[in-house]
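*Asks:* no sequence for this one, just the structure:
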């Protein structure tokens, strides 16, 4: 009788507990109760539904264990509930030893299974897709970060996972070995900062009407803003535009933001991600794509994003075309310096900048403004940008290596046959940007594929790649030339400079041959802001600041008289012209022409430019120091040295190149 009363009491407790759990689950689904009120394990890889299922399982097992006990003997083992810190699936309580002793093992086990099924199975059922869960990532810059379910679903797609194969800084790792971080972690970091900023604005300024859909769209834009990058990041963008510029007829320039939008729109239907399951619609996807592209001042407001102009400030978060201060830059300023040189070279307090952001209406538009006291901190961020361009992004050796990578890809553009569309047709490397199914398979691996190929048509590309591997880089033609801000060269193109240098070569045939050997590279460093005439200016002049200690004082541009004369320079731009030779045999003639061009311009030589590394002029065995003469196809000039060297080392000729005969 006592056991029956105990079993009845346990069943009553079970019914009440499960009823309460069902009410809790309904509150969670409606957003009435936060998941954190149910479990302290909010920063875990498990979803928020799992603690609820674990609690159901614990209650049901406790009831089964109690009802199956025959007496109050000490040999029965009580059920021990799991702690919240235990993330393993709960184990059923051991069966009482008395049940094993009386020979009713099978009947007892069957009774337990039936009782367990009657208590648990009706309530578990098929679970709806979990759209409120979080996944924790550990980021080297931002630490432990929680990513919402929609972003996790996007991350776990082939389109996004390809970013693991794209180096963030292209060829910089050939000079800075630590610069091997990828676009994957940068995109994750931008999504984190974008979420922090928009959530802060939502919490501090509820009058802005920021909805949960707005938050998700901003985070999604931050996560996917670099989906369109190709191999070696911006280096591939240079290659595509070089091919398009020389096409007949010339094609319009291409930017990776266009591919990011195309990849984003392809990603959702291709992976069966339903926007409605996360409370979004097609207009929200259009809004996320527009946030990636950014909105210029005076540009027409898009009508398909489901939002009015009162949400204009949301365009300032991921791709700020108003003043250039956005979370994309704040992330890579810190990340690139940390990975390349082991630390952030200059102070850039990202969290302090974000904490002092606030939305105001300025000139009839809602925009993000910053507290006046952090003006110097913001300027330090732009100063860090200039430092990174000077010593990392546009390092002279990085530049020549990335130019050589472009030459490798351009040489292989028409011959590489591993990229095919759905019909099996070969797609050129530069044409992949128009076919997202092919483009999503493209990564930094392409250099290894070219190097491993034995095709005759890729011999030139392999020869240039061999020069990179052996550090036989294109030689530099003297010291770089610094361009003064008032010089017409400030707006000139590399092709214009090349024609000016070659104008000192009298022979037309020789000039045409040397044109393919001459490589002109501009190094342009500024603080990221220009005026209406294209001149680099102080970036603080484009940002509106407010002073909370002066109530009623509207945000405005910083008064020039308040800017520090000690920490803010007077010039915000530097432009250098570097010239290289793709072929060692052309160096002497090109150096003569380059020296004559520099003497005519009479431009200064920047400090430290005379300390350039000496040019490596190798004397190959059997060639008595002579090199391949300047004859034949102009493109063969880029590979003459490497072809000769590989031929001499292997005792034969490089596939696709002419045999080298000692002179």
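*Replies:* Cool, the structure landed. These numbers were taken from a predicted model, which means no experiment stands behind them.

*Asks:* could you measure the residue nearest to the spatial centre of the chain against residue 212, distance?
*Replies:* Nearest to the geometric centre of the chain sits residue 183, at 3.2 Å (Cα atoms, centre = their mean). Per Cβ to Cβ, to the nearest Å, residue 183 is found 27 Å from residue 212. Every C-beta, even on glycine, is put in place using the N, C-alpha and C of the backbone.

*Asks:* Equivalent analysis for residue 182, please.
*Replies:* 30 Å.

*Asks:* Residue 357 now?
*Replies:* Between residue 357 and residue 212 the computed distance is 20 Å (Cβ to Cβ).

*Asks:* And these two? Which one has more around it.
*Replies:* residue 357 (19 against 13; other Cβ atoms under 10 Å).

*Asks:* Look up the pLDDT of the residue nearest to the centre of the chain for me, please.
*Replies:* According to the prediction, residue 183 has pLDDT 97.

*Asks:* wouldn't it be in contact with residue 169 here?
*Replies:* No: the criterion here is Cβ atoms under 8 Å, and residue 183 misses it with residue 169 at 10.0 Å.

*Asks:* quick revisit: report the contact partners of the residue nearest to the centre of the chain.
*Replies:* Contacts for residue 183 (Cβ atoms under 8 Å, 6 or more residues apart in numbering) come out as 163, 166-168, 226, 229, 233.

*Asks:* Lowest-confidence entry in these?
*Replies:* Among those, residue 233 carries the weakest pLDDT, at 92.

*Asks:* burial of that residue, as a residue count?
*Replies:* Residues within reach of residue 233, counting by other Cβ under 10 Å, total 23.

*Asks:* Can you name the residues bridging to it?
*Replies:* As for beta bridges, residue 233 partners with residue 230 under DSSP bridges.

*Asks:* Can you tell me how far the nearest residue to residue 273 once chain neighbours are set aside is from residue 258?
*Replies:* Closest residue to residue 273 in three dimensions, ignoring its sequence neighbours and counting by Cβ to Cβ, 6 or more residues apart in numbering: residue 153, at 5.5 Å. Separation of residue 153 from residue 258 (Cβ to Cβ): 24 Å.

*Asks:* So those two - more neighbours on which side?
*Replies:* More neighbours surround residue 153 than the other of residue 153 and residue 258, with 21 against 15 (other Cβ under 10 Å).

*Asks:* Now do the helices in the stretch 401-550 of the chain.
*Replies:* Using DSSP state H, counting those that start in this stretch, the helices of the stretch 401-550 of the chain run over residues 436-439, 446-452, 459-469, 494-502, 508-517.

*Asks:* Tell me which of those sits most buried.
*Replies:* Using mean count of other Cβ atoms under 10 Å, the stretch among the helices of the stretch 401-550 of the chain with the largest mean neighbour count is helix 459-469, at a mean of 22.

*Asks:* average pLDDT across it?
*Replies:* Helix 459-469 comes out at a mean pLDDT of 96.

*Asks:* Packing partners of it?
*Replies:* On a contact count with 3 or more Cβ pairs under 8 Å, 6 or more residues apart in numbering; DSSP states H and E, helix 459-469 meets helix 396-412, helix 446-452, helix 640-650.

*Asks:* Please find the angle between the direction vectors of that helix and helix 396-412.
*Replies:* 160 degrees (axes from the mean of the first three to the mean of the last three Cα atoms, to 10 degrees).

*Asks:* now helix 459-469, how far from the centre of its chain.
*Replies:* 28 Å (Cα atoms, centre = their mean, to the nearest Å).

*Asks:* Please tell me I have it right and residue 166 contacts residue 182.
*Replies:* Yes: look at residue 166 against residue 182 with Cβ under 8 Å: they come within range, at 5.8 Å.

*Asks:* The closest residue to residue 323 other than its chain neighbours and residue 498: what is the separation?
*Replies:* Among residues not flanking residue 323 along the chain, residue 542 sits closest, at 3.9 Å (Cβ to Cβ, 6+ apart). Note on residue 542: its distance to residue 498, by Cβ to Cβ, is 34 Å.
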